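no sequence for this one, just the structure:
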């Protein structure tokens, strides 16, 4: 009788990547959900100058008022009556948002006051008017 020699089976060491991929995916979702996105006004304006202007590092909602008194939010022209509703909708995503009103140097002050009133009525706690240093 011939005896067969068996090769000892070698177990190959393998690393299971599934738990690591799960952790990376969860971290990606966490960072996307917690990121604060800047909501630009979408227009370029000539800001007034102010010697006492201060930089706001955490501003993330911008409302623009151009020379003609037109109001822009999220790169779209909005009606004066829709500013409050638009700001309320943006505040649902981040209630601690800071609103910066970017009014053109030659824009009507009445439109600026209406936008500031709408922001206050929408529940915005931090409102600023943009100016150049």
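Nice, I can see it. These numbers were taken from a predicted model, which means no experiment stands behind them.

Low-confidence regions, the protein specifically.
Along the chain, segments meeting pLDDT under 70 span 1-11, 36-41, 57.

residue boundaries of the strands in it?
Secondary structure of the chain (DSSP state E): strands at 61-65, 71-73, 76-78, 98-103, 126-129.

Buried deepest among those, which one?
strand 61-65 (a mean of 25; mean count of other CB atoms under 10 Å). Placement of C-beta: from N, CA and C, glycine included.

okay but residue 116 is in contact with residue 101, surely?
Yes: Residue 116 is in contact with residue 101 according to CB atoms under 8 Å; the separation is 6.5 Å.

tell me, what's touching these two both at once?
127, 129 (CB atoms under 8 Å, 6 or more residues apart in numbering).

For the strands of the chain, could you give me a markdown table that also reports distance to residue 14?
Formatted as a markdown table, the strands of the chain follow (distance: least, CB to CB, whole Å):
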| stretch | distance to residue 14 |
| --- | --- |
| strand 61-65 | 50 |
| strand 71-73 | 54 |
| strand 76-78 | 53 |
| strand 98-103 | 51 |
| strand 126-129 | 53 |
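
how much space between residue 47 and residue 25?
Using CB to CB, to the nearest Å, residue 47 is found at 42 Å from residue 25.

Tell me which of these two has more neighbours.
Ranked by neighbour count (other CB atoms under 10 Å), residue 47 and residue 25 place residue 47 first, with 16 against 10.
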